[in-house]
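**Q** 3D, please:
(chains A and B)
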There are 2 protein chains.
Amino acid sequence: MQEKIKVGISNRHVHLTEEIYNKIFFSSLKKQKDLNQNGEFASEQVLTIKTEKSEISKVRVLGPFRNYNQVEISRSDAYKLGINPPVRKSGDLLNSEKITLIGEKGEVTLQNCCIISERHVHVNPQKAEELGVKDNQSVKISVGGDKACILFASIKISNNGFYELHIDTDDANAAGIKNGDEVEIII
Amino acid sequence: MQEKIKVGISNRHVHLTEEIYNKIFFSSLKKQKDLNQNGEFASEQVLTIKTEKSEISKVRVLGPFRNYNQVEISRSDAYKLGINPPVRKSGDLLNSEKITLIGEKGEVTLQNCCIISERHVHVNPQKAEELGVKDNQSVKISVGGDKACILFASIKISNNGFYELHIDTDDANAAGIKNGDEVEIII
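**A** Here you go, the predicted model:
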């Protein structure tokens, strides 16, 4: 089957535990904008991510707090920072990259926190049943136009899953996709 | 049919006429390294490309001189520069973007010179016959791994064509490809 799906492009961002957050920020985490995934939000807080080679500023902190610290960047960012993070699902941080987070209050260096997010399709259990897909199943995303391609993405089922394809800025730029565009999902 | 093909990743670069080159450089165009496409080379010369919004330095000049001026960038570069170049074949510059080139000697602003290069597969006429492909034919490039995808690319037949897939850095980063990697071409 084939149908349309909306695209959410993830720019580099950070998820933090409350403990780590309080080590590097004075201010409390303040919601700036709700994200489509129910309960998730972009905060007003940004930080700098730093490696031995380079740094990138204005990296957005997402909320709410999680029980792990995770920095999600693109391969382009990784080259700039001189690191080689693995392509992973959220929370799968074993043997991922080390990075230093610098907030308004201080800095902290975290081992095994930096990944490139695997392309994924958010669905809730009802939508998964309708589509006939299982968690982690690979599906095809078909993109037309002058940067035509087919991207493989992984199904991610969660109770708050808002039906949407998440890709990073490298994928978006390679495929000529803008945030909110509609593409075809093929199952 | 399906077979392996080597990938050449094109970073942002510039092709110039001798006239424009001499307006912005004192030194003569000096070969630094031969490229795989027979007769083409990376020169020692680099320049800065500039728009109203931003600039990018150390953009390599390729040789030999051409009968048109062309700046090839990625979509990521285009966002940084605040312009919207079309995805085009080399030399197809009608209604492309304006950019300012700054060399050691001076600067020049060129209308209709900046594009994003269409993905293409270089072949010579003999290889094209062997593959059974025509000029401009679309073929599929299959990439495995954790950034798996299928990229559509256009066949480009030329007498000096060295069999190779040319993609830009956005494509490479989205697909997890490094320069010189081998991927599958499907015809």
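**Q** domains of chain A?
**A** Residue ranges for the domains of chain A, per automatic domain parsing: A:2-7+A:119-186, A:12-117.
**Q** mind putting the ones you listed in JSON lines, mean pLDDT, distance to chain B and mean neighbour count included?
**A** Using the backbone N, CA and C atoms, a C-beta is placed for each residue, glycine as well. As requested, the domains of chain A are arranged in JSON lines below (pLDDT from 0 to 100; distance: least, C-beta to the nearest C-beta, whole Å; neighbours: other C-beta atoms under 10 Å in any protein chain shown):
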{"stretch": "domain A:2-7+A:119-186", "mean pLDDT": "97", "distance to chain B": "4", "mean neighbour count": "18"}
{"stretch": "domain A:12-117", "mean pLDDT": "98", "distance to chain B": "4", "mean neighbour count": "17"}
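**Q** these two touch, right, residue A:5 and residue A:121?
**A** Yes. At 6.9 Å, residue A:5 counts as touching residue A:121 under the criterion of C-beta atoms under 8 Å.
**Q** what touches both of the two?
**A** Residues touching both residue A:5 and residue A:121 (C-beta atoms under 8 Å, 6 or more residues apart in numbering or on different chains): A:141, A:163-165, A:185.
**Q** residue A:175 contacts residue B:173, doesn't it?
**A** No. The pair residue A:175 / residue B:173 is not scored as a contact, 11.9 Å apart, by C-beta under 8 Å.
**Q** returning to what we had before: among the domains of chain A, which is nearest residue B:25?
**A** For residue B:25, the closest of the domains of chain A is domain A:12-117, at 28.5 Å, according to C-beta to C-beta.
**Q** that closest one: end-to-end distance?
**A** Using C-alpha to C-alpha, to the nearest Å, the span of domain A:12-117 from its first residue to its last is 10 Å.
**Q** give me the distance between it and the centre of its chain.
**A** Its chain's C-alpha centre and that of domain A:12-117 lie 10 Å apart, by C-alpha atoms, centre = their mean, to the nearest Å.
**Q** list of residues touching stretch A:54-67?
**A** Stretch A:54-67 is contacted by residues A:11-18, A:21, A:29, A:31, A:35, A:39-43, A:45-49, A:71, A:73, A:77, A:80-82, A:102 when judged by C-beta under 8 Å, 6+ apart.
**Q** just the ones in strands from the residues you listed, please.
**A** Among the contacts of stretch A:54-67, the members falling in strands (DSSP state E) are A:13-15, A:31, A:41-43, A:45-49, A:71, A:102.
**Q** any chance of those residues in TSV, plus distance to residue B:146?
**A** Putting those into TSV (distance: C-beta to C-beta, whole Å) gives the following:
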residue	distance to residue B:146
A:13	20
A:14	21
A:15	20
A:31	32
A:41	28
A:42	26
A:43	29
A:45	30
A:46	28
A:47	27
A:48	27
A:49	22
A:71	18
A:102	29
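**Q** hmm, back to that, now render the shared contacts of residue A:5 and residue A:121 as TSV, adding secondary structure.
**A** Below are the shared contacts of residue A:5 and residue A:121 laid out as TSV (DSSP: H, G, I helix; E, B strand; the rest coil):
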residue	secondary structure
A:141	strand
A:163	coil
A:164	strand
A:165	strand
A:185	strand
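**Q** tell me which two of these sit farthest apart.
**A** Every pair of those checked by C-beta to C-beta; the farthest is A:141 and A:163, at 13.1 Å.
**Q** overlap of the contact sets of those two?
**A** Common neighbours of residue A:141 and residue A:163, using C-beta under 8 Å, 6+ apart, are A:5, A:121.
**Q** run through who's touching stretch A:81-97.
**A** For stretch A:81-97, the external contacting residues (C-beta under 8 Å, 6+ apart) are A:15, A:49, A:51-56, A:68, A:70, A:72-73, A:78, A:98-99, A:112-118, A:120, A:154, A:156, B:146-147, B:176.
**Q** show me the helices in chain A, by range?
**A** Taking DSSP state H as the test, the helices found in chain A are A:18-24, A:75-81, A:125-131, A:169-175.
**Q** so which of those helices comes closest to residue B:125?
**A** When the helices of chain A are compared for distance to residue B:125 using C-beta to C-beta, the nearest one is helix A:169-175, at 29.9 Å.
**Q** counting contacts, what elements does the closest one pack onto?
**A** Identification of packing neighbours for helix A:169-175 by 3 or more C-beta pairs under 8 Å, 6 or more residues apart in numbering or on different chains; DSSP states H and E yields strand A:2-10, helix A:75-81, strand A:149-157, helix B:75-81, helix B:169-175.
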